[in-house]
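Asker: have a look at this prediction, sequence included:
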Amino acid sequence: MAFNIVSRGLLRTSREILERNMAATMVALHHPPSLSTQQPGDCNNNVSVYWSCAPHAPWHLMSARTATLQAVRQYSKKTASAATMRREESDSDSESDDEFERRRQNANVKRSERGDSEFWRRKMRTLHRIMDVNHDGVISYDDFNLLAKRFNDLGHLSPEVAAEFNDVIKQTWEEQFGEITPYNLVNAEQFLTDLHHRLNDKKMAKRIGRFLPYLFKAVDFDHTGHLDLEQYKLFFRCLGLSEEDAAVSFAVIDKNGDGQLSLKEFVHLGRQFFLTEDDTKISKMFWGPLITDH
């Protein structure tokens, strides 16, 4: 700030001195003293008597005038250059502000969270209804246990794998919904909120769907590593869904039409149901037709 004030003062003083010199020079050029007042030998004392005293005097005057004009031009260029610089700095500041705002907006876009679309919320409401095994409108740890029991009761899991399955169900509940008590009841909105939080936590998002391989193994009764339509219907019966829904869903998710669904495909589709907000993905049919009510 102080530097700017001093600079402007110097420029103002220089300009005033130059303007006074210019005014004096122009008066001398346009109002020369009368020749009658000059005495012989005054040629060296007054350049205004150039017509009679020195043939080269006009060029001296022209040189002085030229020098004056050049000084004016240089001063104008300097002031114009300074003004231009100030405008450019101002424009640069404006552009910097615009660029900062663009970066900030881009950063906000990048930081935008997943799970905000109505399509995703519709999927999670569908899943809440499936996991509400006793149909009381809320999910409890008892619902989780009842669902796991349906798959364990098929008898296709070894005791060791069944124990792992129960541990995963317990860990999933505690990570997602908190402590295990009869009073920890999760309604649909709380279910969506908890899953939304988990979806946007990198570490927790990686663990989404850890129970899926156990569901697959429980209905893969012939241990081929692939599910056909009949086995998929068994999967849906354990979920409390109809065989008709199973047939519709299987027709959609069996993308290559070979009538088989591998473990890798099963887990991928099940996880994608949680993770994607793209309503064109076939994974939306993994847990059956989506509910239409809110």
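Answerer: Great, that's in hand.

Asker: wait, residue 200 touches residue 114, no?
Answerer: Yes - at 5.9 Å, residue 200 counts as touching residue 114 under the criterion of Cβ atoms under 8 Å. No exception for glycine: its C-beta is placed from N, CA and C like everyone else's.

Asker: ok, now which ones touch residue 209?
Answerer: For residue 209, the contact set (Cβ atoms under 8 Å, 6 or more residues apart in numbering) comprises 267, 270-271, 274.

Asker: no wait, residue 134
Answerer: Residue 134 touches 142-143, 146, counting by Cβ under 8 Å, 6+ apart.

Asker: and it, that one's in a helix?
Answerer: No - remark: residue 134 does not belong to a helix; assigned using DSSP: H, G, I helix; E, B strand; the rest coil, it is coil.

Asker: what is the burial count for residue 166?
Answerer: Residues contacting residue 166 under the criterion other Cβ atoms under 10 Å number 16.

Asker: any of the contacts of residue 134 buried? List them.
Answerer: Among the contacts of residue 134, those scoring as buried are residue 143 (criterion: 16 or more other Cβ atoms under 10 Å).

Asker: so of the contacts of residue 134, which ones are in strands?
Answerer: Judged by DSSP state E, the subset of these located in strands is empty.

Asker: returning to what we had before: ok, the contacts of residue 209 vs residue 236, which is closest?
Answerer: residue 270 (13.2 Å; Cβ to Cβ).

Asker: show me what contacts the closest residue to residue 139 other than its chain neighbours?
Answerer: Closest residue to residue 139 apart from its sequence neighbours, by Cβ to Cβ, 6 or more residues apart in numbering: residue 186 at 4.5 Å. By Cβ under 8 Å, 6+ apart, residue 186 lies in contact with 128, 138-140, 177, 194.

Asker: export those as TSV, with columns for pLDDT and secondary structure.
Answerer: Shown next, in TSV, are the contacts of residue 186 (pLDDT from 0 to 100; DSSP: H, G, I helix; E, B strand; the rest coil):
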residue	pLDDT	secondary structure
128	96	helix
138	97	coil
139	97	strand
140	96	coil
177	92	helix
194	92	helix
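
Asker: among the residues you listed, which two are most distant?
Answerer: Pairwise over those, using Cβ to Cβ, the maximum falls at 140 and 194, 13.6 Å.
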